[in-house]
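>>> Whatever this is, show me its structure:
(2 chains)
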Number of protein chains: 2
Amino acid sequence: MSLLTVGSVAFDAIETPFGKTDKIIGGAGTFIALASSFFHKNQKIVAVVGDDFPISMIDILRERGIDTEGLQVKKGEKTFFWSGRYHNDMNSRDTLITELNVLEHFDPIIPPSYQETAFLMLGNLSPQVQKLVIDRLDNRPKLVAMDTMNFWMDIALDALKETISMVDVLIINDEEARQLSGEYSLVKASKAIRNLGPKYLIIKKGEHGALLFHGDDIFFAPALPLEDVFDPTGAGDTFAGGFMGYLAATNDVSFENMKRAIIAGSALASFCVEKFGTERLLEISHDDIDERIRQFEMLTDFSMLKTT
Amino acid sequence: MSLLTVGSVAFDAIETPFGKTDKIIGGAGTFIALASSFFHKNQKIVAVVGDDFPISMIDILRERGIDTEGLQVKKGEKTFFWSGRYHNDMNSRDTLITELNVLEHFDPIIPPSYQETAFLMLGNLSPQVQKLVIDRLDNRPKLVAMDTMNFWMDIALDALKETISMVDVLIINDEEARQLSGEYSLVKASKAIRNLGPKYLIIKKGEHGALLFHGDDIFFAPALPLEDVFDPTGAGDTFAGGFMGYLAATNDVSFENMKRAIIAGSALASFCVEKFGTERLLEISHDDIDERIRQFEMLTDFSMLKTT
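Purely as a prediction, here's the structure:
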């Protein structure tokens, strides 16, 4: 089953209490595609970079089974660049620089060979671009998931709600869920947001785990308690990529399987934060992931005795 | 196995975004004893009240199997009174009034019939009083657990550390764990705190659940996602009471059984917050608790397939 990821491929420069980087590879599309590739090989990406973007990184994506025909390289233009500084608690950050560059007029062209897409993951981009992708696919995919952020709620709420109405799974964080719904209780927020269209809602809570809502069912996945979070950049995208890669690989969109997919995504995200950018994702093996998934199993496993 | 609870029995006046109360029954000892009583009947309490405290409430404790011989009633004196106002997020609160009254010179007298205590739960009190209780027991209990709060870290850190060094299980919240250890990472904090003495550490994270640390093992229990949190007062004490009541009832202090005890405590705490003060705890039945424990089981239950 083919998985299509649409999202930014970018340069990041990151400062954390542990150190700082020069321009390194980042972008939601990059993290999503790399994460998915651990579970699923039939994968394509639609994105745009400038000709300052290293061919070697595009090769790395290809080696991991990611079809990059839809990755546009704009001659004479520069790749999207974001720079940010994390606070001491690693939960909040300041954006220092945002240079949209090629992303400013991004036209998400879908190559004809991409048309048979069963799973579509829309990384954080303008809701208009996200909608264009859905509109340009001849057949609606079996499952469409999207990420977004508070920025679009601030400046393009109506367009955002329209795109949200077209997807099956919305993946946002707790602050965004509260802003989008106007509800503080995440249970109430989940109802209000699912009334906009998506049958499934995933609320990411960072170090506090993630919640999956569907009908009256709720699943809670913990985050792995870590000694250090080195760099949280891309953790949410890695989570989403692991989630969609697992679903596409198993071709099963039941609630039970979504639980497993969330654990798979959480395991990958727990690696992502251990080093800067994509560094850790490029190191780990399948055995590492299986071992970490076992840690997640042990973390919440209990068998209750009858209380009398 | 006998369980002894030492903690405040008090009056509270509470304001939340949902309403406010006049003086109602509160206090850590009250919540702990009521919660434990759902699982365990062989229970005793050491506490102090003034003669303004209603006999009817003492009768309710007795009806639930709580031996109140150690509950001192001071003639002509007034019961400890706390008043607080919760903010809109229900996670933070301002203390409006604290009248120590009988608690100011509380001497925790242990009746001779209380000496055979196997489980001791020290609710939040001055660390000196908590230590006195341990010192006054002829035989060290099988398991000693204590709660405390940042107030004692601010004004009596050395005495607090001494008492902490004498217990098996320390139960505190995430902010307190960070303050006590000077570490932001809860994994690092848990190591620093357990170096003070306790073999087990429970870190309560409110709506984000609770963590149990022992050796290299970590167990994570979620909090039940709720539509509304009506009044969080006493939720942490209810959690601790459910935890110790379950352990005493099963007389099993293994890590595996502590996991179950934490789920039992979490289930009770999820009821506590549904109404003001002890109101909800006085309504619920054992069937209600079993049903809620099943909800906890469903919330985190998943069975992973092999990822390839």
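
>>> Ignoring the adjacent residues along the chain, who's closest to A:Gly242?
Of all residues beyond its chain neighbours, the one nearest A:Gly242 is A:Gly265 (3.4 Å), with distances taken as C-beta to C-beta, 6 or more residues apart in numbering or on different chains. To be clear about C-beta, it is placed using only N, CA and C from the backbone, and glycine gets the same treatment.

>>> What residues does the stretch 201-308 of chain A have near chain B?
The stretch 201-308 of chain A has residues A:205, A:208-209, A:211, A:217-222, A:225-229, A:246, A:249-250, A:256, A:259-260, A:263-264, A:286, A:289-290, A:293, A:297-305, A:307-308 near chain B, with proximity defined as C-beta under 8 Å from any C-beta of the partner chain.

>>> circling back to that earlier point, give me the neighbour count for the residue nearest to A:Gly242.
Residues near A:Gly265, counting by other C-beta atoms under 10 Å in any protein chain shown, number 31.

>>> State the distance from the spatially most central residue of chain A to A:Asp168.
Nearest to the geometric centre of chain A sits A:Asp237, at 2.5 Å (C-alpha atoms, centre = their mean). Per C-beta to C-beta, to the nearest Å, A:Asp237 is found 18 Å from A:Asp168.

>>> hang on, the earlier thing: I'd guessed the residue nearest to the centre of chain A sits against A:Ala28; true?
Yes. Between A:Asp237 and A:Ala28 there is a contact at 4.4 Å, judged by C-beta atoms under 8 Å.

>>> shared neighbours, those two?
Jointly contacting A:Asp237 and A:Ala28 under the rule C-beta atoms under 8 Å, 6 or more residues apart in numbering or on different chains are A:Gly7, A:Gly123, A:Asn124, A:Asp147.

>>> Of these, just say which sits nearest to A:Glu69.
The shortest approach to A:Glu69 among the shared contacts of A:Asp237 and A:Ala28 belongs to A:Gly7, at 15.8 Å (C-beta to C-beta).

>>> need the contact list for the closest one.
Listed by C-beta under 8 Å, 6+ apart, the contact set of A:Gly7 reads A:27-30, A:32-33, A:45, A:47, A:121-125, A:237.

>>> Could you measure from it over to chain B?
Distance, A:Gly7 to chain B, using C-beta to the nearest C-beta, to the nearest Å: 23 Å.

>>> again with A:Met166
A:Met166 sits 26 Å away from chain B, going by C-beta to the nearest C-beta.

>>> who are the neighbours in contact with that residue?
With contact taken as C-beta under 8 Å, 6+ apart, A:Met166 is in contact with A:Lys131, A:Ile134, A:Val144, A:Gly197.

>>> Tell me which helix or strand the third one sits in.
Secondary structure assigned from DSSP states H and E places A:Val144 in strand A:143-147.

>>> pull the CA atoms of that strand into CSV?
Included here for strand A:143-147 are C-alpha records, laid out as CSV according to Å, rounded to 0.1, in the frame of the first residue of the first chain:
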residue,chain,number,x,y,z
LEU,A,143,-6.7,7.1,5.0
VAL,A,144,-5.8,10.8,5.1
ALA,A,145,-4.0,12.2,8.2
MET,A,146,-2.8,15.7,8.7
ASP,A,147,-0.7,17.7,11.1
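
>>> what kind of secondary structure is A:Leu120 in?
Three-state call for A:Leu120 (DSSP: H, G, I helix; E, B strand; the rest coil): strand.

>>> tell me the mean pLDDT for the strand holding A:Val144?
For strand A:143-147, mean pLDDT rounds to 98.

>>> Same check on stretch A:179-188?
Stretch A:179-188 shows a mean pLDDT of 96 in the predicted model.

>>> Could you check that stretch against chain B for contacts?
Yes. Counting by C-beta under 8 Å from any C-beta, chain B has neighbours in stretch A:179-188: A:Tyr184, A:Ser185, A:Leu186, A:Val187, A:Lys188.

>>> Tell me the one of these nearest A:Lys78?
Using C-beta to C-beta, the shortest approach to A:Lys78 within these belongs to A:Leu186, at 39.2 Å.

>>> my guess is that closest one contacts B:Pro225, does it?
Yes. Counting by C-beta under 8 Å, A:Leu186 does reach B:Pro225; the two are 5.9 Å apart.

>>> Find the residues that touch each one of those two.
Residues touching both A:Leu186 and B:Pro225 by C-beta under 8 Å, 6+ apart: A:Leu211.

>>> Quick check on the two: which one has the bigger neighbour count.
Between A:Leu186 and B:Pro225, counting by other C-beta under 10 Å, A:Leu186 is the more crowded of the two (23 against 19).
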